[in-house]
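> return atomic coordinates for the entry below.
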Amino acid sequence: MFNVESAADRVARTNLQIRRDRETERRERIFNDKVRTIGVDKEALNEQIKEKEKRQEAAKEEKNAHDAATLHHRRVATLLHSRELKERRAMGKALVDYRRQHQQPLCQQGSGLEDPGDAQMMLPGLVGEEPDSESRRHRQKEQLREWLIQQQQERAAERQQQKLEERRYDQSRRDMDNKALQLQSITVERRKAALVATTEYNRATIEDKCYKQGQHNDVGTANHLRGELTGGGARPPEGGVAVPGWCSNSDMRAPPQSLLETIRFQKYQIEEKRRAQEKEKRDEEQHDRVRLHSGRTALLLERQQAKVNKQLRRQLDSTNVQLAETHRQQKPDIKRGCIDDSFFSKFNTCSR
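Numbering: from 1, shown residues only. Model prediction:
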């Protein structure tokens with residue numbers, strides 16, 4: 001690509017180079033111990049006075065240019081104003097001539113003042129005034145009133161439509177909430193029904209099992225008692241059928257096997273509860289151990305960080321002591337007169 005340089009950049013670069021050369025000459029004049037003068041730099045002061053005079057002259061020229069431009073603009077504005085006044089006078093004169101020639105009353109445009117009927121035909125109002133201005137204003141007012149009424153109706157319709165949309169949105173939201181509640185209630189009812197059915201099924205299964213076991217035990221007991229009473233074996237009486245679940249005495253307690261199963265089931269529930277409690281206790285102990293371990297680890301890390309910081313501080317202090325000792329050894333002894341050229345090179349390092 002072409003490197004295009006504008007005139008402003010070229011002038012800025014030239015001025016910068018001039019200032020750099022001037023500063024270089026000034027440094028050579030000041031830092032050279034053979035040619036420099038102790039006290040006031042007369043050449044620098046003269047340069048500063050010249051620069052100040054140049055700035056004052058530039059400001060004066062700029063002020064004069066601004067005053068000349070202001071005076072020129074004022075003269076132009078005066079000329080334009082006078083020209084505008086002349087044009088207004090000319091337009092007024094032309095308007096008066098036009099009205100005098102083309103907008104005279106009918107009595108003056110006809111046969112003169114001799115016909116008295118022409119005076120009655122003259123239009124009312126001033127010369128050049130619109131005859132139906134009142135009716136036009138009335139129509140304009142009517143049209144403006146109709147427009148205002150139409151705008152009010154449109155705004156009312158928009159507000160009504162917005163209210164209807166808001167009502168529809170609220171209604172749809174309520175319908176959705178009701179449907180969600182209905183679905184939730186149906187789900188809860190289904191779960192309850194399933195739970196009840198499962199409970200009833202388990203209860204019926206347990207009762208059927210207990211009933212079968214009790215029937216078997218009752219039949220055996222009845223046969224045994226009947227054999228003892230008849231003196232025979234344990235066979236049923238002829239022509240008789242054993243009634244299931246029937247017992248000759250009035251003892252209505254559950255069979256032994258059902259009691260054992262109930263006790264076993266209760267023991268199982270107790271064991272499950274105890275295991276759940278033990279598991280919860282183990283989880284709490286594990287959480288406490290993790291928390292204690294985390295706290296111990298954090299404390300150890302803090303102590304280790306403090307130890308590292310202390311070691312770093314000691315190293316820094318020792319380094320500072322070594323540097324101070326080296327600086328003290330390298331520093332010239334002014335009292336004893338041990339001064340070399342390097343001592344003077346530390347001064348006047350800047351031109352300002």
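> where does the protein have low pLDDT?
Scanning the chain with the threshold set as pLDDT under 70 gives 1-5, 35-40, 104-131, 214-258, 331-344, 346-352.
> can you give me the helices in it?
7-31, 42-102, 106-109, 117-120, 133-230, 256-330, 341-344 (DSSP state H).
> and the first one with helix 42-102, angle?
By that I understand helix 7-31. 160 degrees (axes from the mean of the first three to the mean of the last three C-alpha atoms, to 10 degrees).
> what does the fifth one give?
Counting by the same axes, to 10 degrees, helix 133-230 points 110 degrees away from the direction of helix 42-102.
> about what we covered before: so which of the helices of the chain is the most surrounded?
Mean neighbour count (mean count of other C-beta atoms under 10 Å) peaks for helix 106-109 among the helices of the chain, with a mean of 13. Heads up, the C-betas are built off the backbone N, CA and C, glycines and all.
> distance check, residue 14 against residue 54.
Using C-beta to C-beta, to the nearest Å, residue 14 is found at 16 Å from residue 54.
> typed the wrong thing, it's residue 34
For residue 34 relative to residue 54 (C-beta to C-beta), the value is 32 Å.
> go on, residue 323?
51 Å.
> next one: residue 310
Noted for residue 310: a distance of 65 Å to residue 54, by C-beta to C-beta.
> equivalent analysis for residue 312, please.
For residue 312, the distance to residue 54 - C-beta to C-beta - is 59 Å.
> same thing with residue 6?
Distance from residue 6 to residue 54, by C-beta to C-beta: 24 Å.
> likewise for residue 140?
Applying C-beta to C-beta to residue 140 and residue 54 gives a distance of 70 Å.
> repeat for residue 67
Residue 67 is 20 Å from residue 54, by C-beta to C-beta.
> same check, this time on residue 196
Taken as C-beta to C-beta, the span from residue 196 to residue 54 is 108 Å.
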